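Visitor: Let's see this in three dimensions:
(one chain, ligands or ions: 1)
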Amino acid sequence: MKLYDFHGSSSAFRVRIALNLKGISYHRIPVDLLAGDQLRHDYRSLNPMALVPALIDRARAYTESLAIIEYLDETHPRPPLLPESPEGRTRVRALALSIASGIQPLHTERTENFLADELSVPRNGVLQWCQHWVNTGMTAVEACLNSDAGTGKFCHGDSPTLADVVLVPQVYAAKRRFDMDLRRSHPTVWRIYQNCMVRSEFRNAAPSNRVTTD
Ligand SMILES: N[C@@H](CCC(=O)N[C@@H](CS)C(=O)NCC(=O)O)C(=O)O
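Guide: Predicted coordinates:
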């Protein structure tokens with residue numbers, strides 16, 4: 001498999017975690033978002049949204065990190081990243097989507113650049129924007145986690161699921177990119193983040209400590 005990847009991308013980080021959890025080796029093809037590589041014609045022919053990641057498997061290109069992760073889960077069922085019961089699967093998908101569609105798009109590169117370059121929002125205003133939406137979204141995620149008996153060592157039970165795969169890059173971005181300390185404000189989120197980050201599959205996928213097979 002080939003992964004079109006950018007080390008600092010939280011969406012690519014999700015896929016790297018899933019690949020590690022599944023024990024799948026892959027070849028990494030860097031797409032430098034800061035240099036605008038995602039806008040190049042050849043990359044857009046793989047992903048017309050001009051976003052990373054994209055995964056190539058058996059000569060087909062797959063886009064959208066959550067769809068890619070479900071593809072990996074279906075083609076490599078062990079260990080499963082979705083629970084068996086429809087109720088559990090729906091809960092896990094809802095947690096993942098709360099972050100992937102409710103938080104992350106509000107602070108992706110092009111959103112931040114549009115605020116700064118087209119709307120002339122000063123850089124500290126852009127940072128405040130990002131902090132505000134991360135805090136709002138993660139407060140909702142914290143409430144979903146701390147009020148539900150389904151939450152265990154991880155977001156759902158005691159083994160990692162799609163929800164953890166999406167939660168970890170978001171907490172990592174909050175800490176490293178937006179200088180937010182979720183430890184006290186979001187204790188359940190923080191506890192789960194810590195439980196994930198003691199595992200090499202998560203840690204090795206992190207932007208600061210990426211170990212891939214490229
Ligand atoms: N919904 C997409 C989001 C992908 C996304 O936003 N990727 C970001 C990096 S995390 C990106 O490529 N940004 C480039 C840009 O904004 O120009 C997914 O889950 O794959």
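Visitor: going forward, measure contacts between C-alpha atoms and count neighbours the same way
Guide: Noted.
Visitor: which residue sits closest to residue 111 in space, ignoring its chain neighbours?
Guide: What sits nearest to residue 111 in space, not counting adjacent residues and going by C-alpha to C-alpha, 6 or more residues apart in numbering, is residue 105, at 7.4 Å.
Visitor: Tell me the secondary structure at that neighbour.
Guide: What DSSP: H, G, I helix; E, B strand; the rest coil gives for residue 105 is helix.
Visitor: again, but for residue 202
Guide: Per three-state DSSP, residue 202 ends up helix.
Visitor: Within its local environment, how many residues does the closest residue to it other than its chain neighbours see?
Guide: In space, and not counting its chain neighbours, residue 202 is closest to residue 17: 5.3 Å by C-alpha to C-alpha, 6+ apart. Neighbourhood size, residue 17 [other C-alpha atoms under 10 Å]: 25.
Visitor: so what's residue 17 up against?
Guide: By C-alpha atoms under 8 Å, 6 or more residues apart in numbering, the contact list for residue 17 reads 165, 201-202, 204-205.
Visitor: what helices or strands is the longest helix seen in the chain leaning on?
Guide: What stands out as the longest helix in the chain, according to DSSP state H, is helix 123-146. Packing partners of helix 123-146 (3 or more C-alpha pairs under 8 Å, 6 or more residues apart in numbering; DSSP states H and E): helix 86-100, helix 187-197.
Visitor: Residues contacting it, please?
Guide: The contact list for helix 123-146, computed with C-alpha under 8 Å, 6+ apart, reads 95, 98-99, 102-104, 106-107, 112, 115-116, 151, 155, 174, 178, 180, 186-189.
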